[in-house]
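> can you look at this prediction? I've put the sequence above it.
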Amino acid sequence: MHGVPHIVRDVMTRSVVSVGRQTPFKEIVRLMRGRGVSALPVLEDGDRVVGVVSEADLLPKEEFRDSDPDRRTQRRRLPDLLKAGALTAEELMTSPAVTVRAGVTLSDAVGLMTRHRVKRLPVVDGRGVLEGVVSRADLLEVFLRDDEELAEQVRREVVAHLFPGPESAVWVEVRDGVVRLVGRVRDTSLVPAAARLIRAVEGVVDVEFAPTEVVSPVSART
């Protein structure tokens, strides 16, 4: 009943700045600043992703620049201390990289980001070759869908199936992504199911239902 969900390929950025294993620290900072990104994929062997270097990987160099950490800190922060002394992308990067395929749904991509606590994912093919990058901002693009576009999808995929006439007459209104169903229904037990289905439509912010009249089976036949 539902339309095809959006996938990573629909929203990803295809023009991606990347670095190699031997890219120096300062060049990485320059690229991030110039391109306005917080992480860069690290590539080798024909654009194959081998890691990701992020702002978090760079910050220890400043944090420990003129400090002499005690032994407890050395034990607790050993990975950061190693990165504080790093000079190249290979020494800085997180590897293996957390990547995603272009055909993955946006909801699955969000789950992947959440589990791994990352803000962007390199998009790769079956050989691990870079195809693009998808960020948190990209995944939120579905909430920019036009209200009338959302209303038409809800009418076509939910209302037409759950509330067919003539016993029911349901109107769909959408404002700022919030779907409001107004009208009369014969079977109110279908309302929770309708709400679940509407919330599953990509771009819907919330659902409200405002029945004007509930039609009983008896009155519907008279």
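All right, it came through fine.
> what about the helices in the chain?
For the chain, applying DSSP state H gives helices covering 8-11, 25-35, 55-63, 71-76, 78-84, 89-92, 106-116, 136-139, 147-154, 160-162, 191-199, 217-221.
> any low-confidence regions in the protein?
Low-confidence segments of the chain (pLDDT under 70): 1-5, 166-168, 211-222.
> centre-most residue in it?
Leu139 (3.4 Å; CA atoms, centre = their mean).
> if we can go back for a sec, looking at the helices of the chain, which is nearest to Val17?
helix 25-35 (5.0 Å; CB to CB). Yep, even glycine has a C-beta here, placed from its N, CA and C like the rest.
> which residues touch the residue nearest to the centre of the chain?
11, 106, 109-110, 113 (CB atoms under 8 Å, 6 or more residues apart in numbering).
> ok, now Gly20?
Per CB under 8 Å, 6+ apart, neighbours of Gly20: 42-44, 89.
> now it: how far from Glu55?
Distance from Gly20 to Glu55, counting by CB to CB, to the nearest Å: 19 Å.
> just Phe163 next, same as before
Relative to Glu55, and taking CB to CB, Phe163 is found at 50 Å.
> more neighbours: those two, which one.
Phe163 (21 against 14; other CB atoms under 10 Å).
> what is the burial count for the residue lying closest to that one once chain neighbours are set aside?
Closest residue to Phe163 apart from its sequence neighbours, by CB to CB, 6 or more residues apart in numbering: Val170 at 4.5 Å. Using other CB under 10 Å, Val170 has 23 neighbouring residues.
> do Asp146 as well
11.
> am I right that Asp47 is in contact with Arg127?
No: in this structure, Asp47 is not within contact of Arg127 by CB atoms under 8 Å, at 9.5 Å.
> wait, doesn't Ile7 sit right on Ser107?
No: because the distance of 10.1 Å does not satisfy CB under 8 Å, Ile7 is recorded as not touching Ser107.
> joint contacts of the two?
Joint contacts of Ile7 and Ser107 (CB under 8 Å, 6+ apart) do not exist.
> nearest to Val123, of the helices of the chain?
helix 8-11 (5.8 Å).
> now the closest one: buried residues?
By neighbour count on 16 or more other CB atoms under 10 Å, the buried set for helix 8-11 is 8, 10-11.
> with stretch 77-88 instead?
For stretch 77-88, by 16+ other CB under 10 Å, it's 77, 80-81, 83-84, 86, 88.
> same question, stretch 14-29
Those buried within stretch 14-29 under the rule 16+ other CB under 10 Å are 16, 18-19, 23, 25, 28.
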